[in-house]
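Participant: Next one to model:
(chains A and B)
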Amino acid sequence: GDSVTQMEGPVTLSEEAFLTINCTYTATGYPSLFWYVQYPGEGLQLLLKATKADDKGSNKGFEATYRKETTSFHLEKGSVQVSDSAVYFCALILIQGAQKLVFGQGTRLTINP
Amino acid sequence: GAVVSQHPSRVICKSGTSVKIECRSLDFQATTMFWYRQFPKQSLMLMATSNEGSKATYEQGVEKDKFLINHASLTLSTLTVTSAHPEDSSFYICSARDSGQLSVNQPQHFGDGTRLSIL
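Facilitator: Model (predicted):
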């Protein structure tokens, strides 16, 4: 079945460090890919998305490129801030079928000052 | 941007009580809404897909009679946890997709969640 696998956390970095959170997917069709962020006690917010191969999604300094050849959508940021501390979820949705979001397990990120 | 309001944000009640959670799309219409459950430090588990004017579609293993879903309008879906027990304690999150957006690639918009604690 369709699935998303994320880098296991928790991830702890110092402020201004470079961030990579790995995400790979398995899909029977041709998915759209998303990164969502969840701050403590809140719901999910869309961070960025990409709908076709080689698309790059970007927002708030975060970037992720849809790599069909490696079935990956890794999240990167050049210089993290304390306010980036949150849980990050990679997700996919297939155009065909039930069009349900399939989430990875989430990666908890903590940024220390 | 698209806003989804979920209410209440937190509920604490006794075992055996039924609890209703509301999910509203404030500035768009949503033919389809989704209900998720999240356990501590875990990912979101889709419980059901709520369809306006028709029956909800439940995921395998989710009890229909336990988790009643009603989607009576294009801006409101409700989840009722009937005769709640401590094992139903969890974080419940709803999401909605803008019906006005033609592409299914459009993201779902999430509410802020409801933390349900059953004593």
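Participant: switch to C-alpha atoms for all contacts and neighbour counts from now on
Facilitator: Will do.
Participant: Same question for B:Pro40, what's its three-state structure.
Facilitator: Three-state assignment for B:Pro40 (DSSP: H, G, I helix; E, B strand; the rest coil): coil.
Participant: Might you enumerate the residues of chain B proximal to chain A?
Facilitator: Proximity of chain B to chain A (CA under 8 Å from any CA of the partner chain) is limited to residues B:Gln42, B:Ser43, B:Leu44, B:Ile93, B:Val104, B:Asn105, B:Pro107, B:His109, B:Phe110, B:Gly111, B:Asp112, B:Gly113.
Participant: how about B:Phe34, what does it touch?
Facilitator: Contact analysis of B:Phe34 by CA atoms under 8 Å, 6 or more residues apart in numbering or on different chains lists B:Leu46, B:Met47, B:Ala48, B:Thr49, B:Ser50, B:Cys94, B:Ser95, B:Ala96.
Participant: For these, which entry has the maximal number of neighbours?
Facilitator: Comparing the contacts of B:Phe34 by number of neighbours (other CA atoms under 10 Å in any protein chain shown), B:Cys94 comes first, having 33 neighbours.
Participant: May I see the buried residues of stretch B:24-35?
Facilitator: By 16 or more other CA atoms under 10 Å in any protein chain shown, the buried positions in stretch B:24-35 come out as B:Arg24, B:Ser25, B:Phe28, B:Gln29, B:Ala30, B:Thr31, B:Thr32, B:Met33, B:Phe34, B:Trp35.
Participant: what's the answer for stretch A:86-102, then?
Facilitator: Per 16+ other CA under 10 Å, stretch A:86-102 contains these buried residues: A:86-95, A:100-102.
Participant: now swap in stretch B:36-49 and tell me
Facilitator: So for stretch B:36-49, counting by 16+ other CA under 10 Å, buried means B:Tyr36, B:Arg37, B:Gln38, B:Ser43, B:Leu44, B:Met45, B:Leu46, B:Met47, B:Ala48, B:Thr49.
Participant: try stretch B:67-84
Facilitator: B:67-71, B:74-82, B:84.
Participant: and it, how far apart are its ends?
Facilitator: Using CA to CA, to the nearest Å, one end of stretch B:67-84 lies 10 Å from the other.
Participant: swap in stretch B:6-25?
Facilitator: Counting by CA to CA, the terminal residues of stretch B:6-25 are separated by 9 Å.
Participant: Name the residues that touch it?
Facilitator: B:2-5, B:75-86, B:93-96, B:111-119.
Participant: Quick check: closest non-adjacent residue to B:Ser95.
Facilitator: Nearest residue to B:Ser95 in three dimensions, chain neighbours excluded: B:Phe110, at 4.1 Å (CA to CA, 6 or more residues apart in numbering or on different chains).
Participant: Quick check: the gap between the one you found and A:Lys56.
Facilitator: Counting by CA to CA, the gap from B:Phe110 to A:Lys56 is 23 Å.
Participant: same check, this time on B:Lys41
Facilitator: 28 Å.
Participant: ditto for B:Gly111
Facilitator: 26 Å.
Participant: ok, A:Glu16 touching A:Asp84?
Facilitator: No: the pair A:Glu16 / A:Asp84 is not scored as a contact, 10.7 Å apart, by CA atoms under 8 Å.
Participant: For the residue of chain A found nearest chain B, the count of nearby residues, please.
Facilitator: Across chain A, the shortest distance to chain B (CA to the nearest CA) belongs to A:Gly43, at 3.8 Å. Neighbourhood size, A:Gly43 [other CA under 10 Å]: 22.
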